[in-house]
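Enquirer: Give me coordinates for this.
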Amino acid sequence: MELDIIVILILTVITFFAGFIDSIAGGGGLIIIPSFLIAGIPPQFALGTNKFQATLGTSVSTINFIHKKKVSLKIVLSGIFFALSGAYIGSRLILSFNSDIAGKIIVFMLPLGVLATLIPRKKVKRSQEFHKLDYFVKIPLICLIIGFYDGFFGPGTGSFLTLFFYLFMKLNLIEATANAKVFNFVSNLGALVAFLFSGKVLFLLALPMALSNMAGNYFGSHLALKKGDKVIKLFLIIVLVILFVTLIWKYFLS
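Expert: Numbering: from 1, shown residues only. As a prediction, this is how the structure comes out:
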């Protein structure tokens, strides 16, 4: 599909803003995908193009966590196949719907992504020794379910993974976040493969968007403001309410 240069510029600016928000409070994808839909980009193209930039973005933070030795190789090996498979299956499923139905599904999924992003998580130190049940059942199941969600929709995946590892695997928050980031990258990759095979990535938009998102993340992560997280989350909620109402009008009332 053809894209107007003005649309590309506007969405690139929005992506910078989303990256900035994401680095401080999370939820950047919750801004990007609705903005795509409002701009008239078909739902599957919106998901595929967003998945391209998300894969690049998570690769950077994944490498950082691995470099700092916060990632467990045993956990990664036990769940990597299931994260890939779940994401690929989820992507194939959303690609099977027509654009109008897919758009309505995305609107219904947005509150779930918001919930994952805004659930508070306290920095409590706790960990446990894993057993065979953890490596062969719990971790694969978590990765399969959240991987599927990532392929089918996406926003909030990192938050869901962190929360699940924190609550059900009893990892401390840093360990949960680090391992979640690896699986988030893996599921992004699995989903991206499905969207690429289906030709649902707009590279003319995806490439500048990826650079813009990385720049937004860079400046946001270097910003030090007191209570910045709370302020940004409040602003994120306001923006999401506006986007959500606009999408309901577009897909259900117009």
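Enquirer: going forward, measure contacts between C-alpha atoms and count neighbours the same way
Expert: Noted.
Enquirer: Go ahead and confirm A215 touches I21.
Expert: No. The criterion here is CA atoms under 8 Å, and A215 misses it with I21 at 11.5 Å.
Enquirer: what's around the residue lying closest to F252 once chain neighbours are set aside, how many residues?
Expert: Spatial nearest neighbour of F252, chain neighbours left out: K104 (7.8 Å); criterion: CA to CA, 6 or more residues apart in numbering. As a burial measure, K104 scores 16 neighbours (other CA atoms under 10 Å).
Enquirer: Surely K104 is in contact with Y251?
Expert: Yes. Counting by CA under 8 Å, Y251 is a contact partner of K104 at 6.3 Å.
Enquirer: Quick check: phi and psi at V71.
Expert: phi -110, psi 130 (degrees, to the nearest 10).
Enquirer: gap between F130 and A87?
Expert: Here the criterion is CA to CA, to the nearest Å. By it, F130 lies 25 Å from A87.
Enquirer: higher neighbour count, these two?
Expert: When neighbours are counted by other CA under 10 Å, A87 comes out ahead of the other of F130 and A87, with 33 against 13.
Enquirer: tell me the helices in the stretch 1-150 of the chain, going along the chain?
Expert: Using DSSP state H, counting those that start in this stretch, the helices of the stretch 1-150 of the chain run over residues 5-25, 28-38, 43-67, 73-95, 99-118, 132-133, 139-152.
Enquirer: Please state the offset of the third one from the chain centre?
Expert: Its chain's average C-alpha position is 8 Å from that of helix 43-67, according to CA atoms, centre = their mean, to the nearest Å.
Enquirer: With the first one instead?
Expert: With CA atoms, centre = their mean as the basis, helix 5-25 stands 15 Å off its chain's centre.
Enquirer: and if you look at the last one?
Expert: Centroid separation for helix 139-152 versus its chain: 12 Å, with CA atoms, centre = their mean.
Enquirer: Mind listing residues that contact the helix or strand just after that helix?
Expert: Later in the chain than helix 139-152, the nearest helix or strand by DSSP states H and E is helix 157-168. Contact partners of helix 157-168, identified using CA atoms under 8 Å, 6 or more residues apart in numbering, comprise 113, 116-117, 121, 142-143, 146-147, 149-150, 171-173, 176-177, 179-181, 183-184.
Enquirer: So for helix 157-168, what gets flagged as buried?
Expert: Neighbour-count burial for helix 157-168, counted by 16 or more other CA atoms under 10 Å, picks out 157-166.
Enquirer: Which one of those is nearest to L243?
Expert: T157 (19.8 Å; CA to CA).
Enquirer: Please put the alpha-carbon coordinates of stretch 237-248 into CSV.
Expert: Extracted in CSV, the C-alpha atoms of stretch 237-248 (Å, rounded to 0.1, in the frame of the first residue of the first chain):
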residue,chain,number,x,y,z
ILE,A,237,-3.8,7.1,30.4
ILE,A,238,-5.3,10.4,29.1
VAL,A,239,-3.8,9.8,25.6
LEU,A,240,-5.1,6.2,25.6
VAL,A,241,-8.6,7.2,26.5
ILE,A,242,-8.6,9.7,23.6
LEU,A,243,-7.3,7.0,21.2
PHE,A,244,-9.7,4.4,22.5
VAL,A,245,-12.7,6.6,22.1
THR,A,246,-11.6,7.5,18.5
LEU,A,247,-11.2,3.9,17.6
ILE,A,248,-14.6,3.0,19.0
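Enquirer: Alright, that wraps it up for me.
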